[in-house]
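J.: I'd like to go over a predicted model; first the sequence, then the structure.
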Amino acid sequence: MAVYTHLGAEDLAELIAAYDVGELVSAKGIAEGVSNSNWLIETTRARYILTMYELRIDTAHLPFFLGLLDHLSAKGCPVPRTIHDCDGAAFRMIEDKAVALIEFLPGVSVDHPTPGQAKAVGSALAQLHHAVADFPMQGIQTMGLAEWDRLIHQCGSERLDTISPGLSDLAYEELSYLAMHWPGGLPHGVVHCDLFPDNVLMLGDRVSGLIDFYFSADDFFAYDLAVTHAAWCFSPGGHQFRPEISSALLAGYASGRALSDEERDQMPVLLRGACMRFLSSRAYDWVFTPTDALVVRKDPMDFARRLDFYRANGKELFA
Ligand SMILES: Nc1ncnc2c1ncn2[C@@H]1O[C@H](COP(=O)(O)OP(=O)(O)O)[C@@H](O)[C@H]1O
Ligand SMILES: N[C@@H](CCOP(=O)(O)O)C(=O)O
């Protein structure tokens, strides 16, 4: 459930009146999502998404995230633009919380992607990587190797092994490997870093929306591809690799942007890093989020299984 704050009819009407979007007709809370509260807003003119920033997002970073949406949308990427209020502001405050009104994009998130859909996602990701070339703002990567290390150490061996026996050995061993082998100097820019199926809206085989840019930061384009690969190319729970989805995703990406030889060589380590990224944040949330909290805890083992797969087969995939 992702509506953490109650907004009454008067609050909503007052808020919508600050924008040139017509009059409020209805507002429905959206159940999907984890970090923020979202409402589907209908006005006499169109539909919009209203997001209230609840957790993890510092208001100081909103000009970056919302500016990125506007930049990508203006470049023709399927990304929702920010609706600015009548004074030109990209976000407003309701008491101590920031809210933004965002363009509504049609489409649904798929649970079991087809090769055609994976190809379209690969191609949309490549388009994004070109489109950020002249994005003028900087986004520091706060979810990099140092943070994975910190999160795993905060969990500690005992608690990790309570999630699953042997998880601590896997995590510590992997962190040392990544610290020694993480590449430098690959092509980079502001990238999505969280392009999971639930952050892509699709109409059939077409990508109609890329959403949830709140982990975007400056990082390697190939790392973004690795995150997307890890998120899309496995059955639920990460139990089985789906080779046909992997081939389609990589072909779609290559149709828009060719990986250099160096990027290809580094893909196996970047894929392992992508797994550690989500293994570490999920393990931390698993250990430290109270079981009765509203936030849904996601299983870190989904990414331990993917990590095992890439450790054994990552080099072969990019041979
Ligand atoms: N621009 C948009 N157009 C249409 N639906 C959207 C849009 N943005 C968000 N949504 C809907 O809201 C849900 C939650 O949004 P998301 O940004 O993923 O929240 P969270 O950051 O909390 O995970 C999405 O799964 C989608 O159904
Ligand atoms: N995609 C991440 C969690 C981030 O949550 P989001 O709802 O903001 O995408 C994961 O699966 O662990």
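T.: Sure, I can see it. Ligands and ions are numbered 1, 2, ... in the order given.
J.: same question for stretch 31-47, mean pLDDT?
T.: The predicted model assigns stretch 31-47 a mean pLDDT of 88.
J.: cool, and stretch 296-309?
T.: What stretch 296-309 shows for mean pLDDT is 95.
J.: Please apply the same query to stretch 210-228.
T.: 97.
J.: gap between the two ends of that stretch?
T.: 12 Å (C-alpha to C-alpha, to the nearest Å).
J.: Could you shift the numbering so residue one becomes 44, and keep it that way?
T.: Got it, the first residue is 44 from now on, which makes the last one we talked about stretch 253-271.
J.: For residue 146, list each beta-bridge partner.
T.: For residue 146, the beta-bridge partners under DSSP bridges are residue 91.
J.: Pull up the gap between the residue most central in space within the chain and ligand 2, please.
T.: Most central residue of the chain, judged by C-alpha distance to the mean C-alpha position with C-alpha atoms, centre = their mean, is residue 237 at 2.2 Å. Going from residue 237 to ligand 2 by C-beta to the nearest ligand atom, to the nearest Å gives 5 Å. Every residue, glycine included, has its C-beta placed from N, CA and C.
J.: what's the closest non-adjacent residue to that residue?
T.: Using C-beta to C-beta, 6 or more residues apart in numbering and skipping residues adjacent in sequence, the residue nearest residue 237 is residue 258, 4.2 Å away.
J.: who's in contact with whichever residue of the stretch 144-293 of the chain sits closest to ligand 2?
T.: Using C-beta to the nearest ligand atom, the closest approach of the stretch 144-293 of the chain to ligand 2 is made by residue 239 at 4.5 Å. Going by C-beta atoms under 8 Å, 6 or more residues apart in numbering, residue 239 touches 274-275.
J.: same thing but at 6 Å, please
T.: residue 274 (C-beta atoms under 6 Å, 6 or more residues apart in numbering).
J.: Report whether the longest helix along the chain contacts ligand 1.
T.: If you go by DSSP state H, the chain has its longest helix at helix 304-331. No: residues of helix 304-331 contacting ligand 1 under C-beta under 6 Å from any ligand atom: none, with a closest distance of 13.1 Å.
J.: Same question for stretch 68-88.
T.: Yes: Stretch 68-88 is in contact with ligand 1 by C-beta under 6 Å from any ligand atom, via 73, 75-79, 81.
J.: Buried residues, that stretch. List them.
T.: Buried positions in stretch 68-88, judged by neighbour count with 16 or more other C-beta atoms under 10 Å: 70, 72-73, 76-82, 84-86.
J.: Could you tell me the end-to-end distance of it?
T.: Start and end residues of stretch 68-88 are separated by 9 Å (C-alpha to C-alpha).
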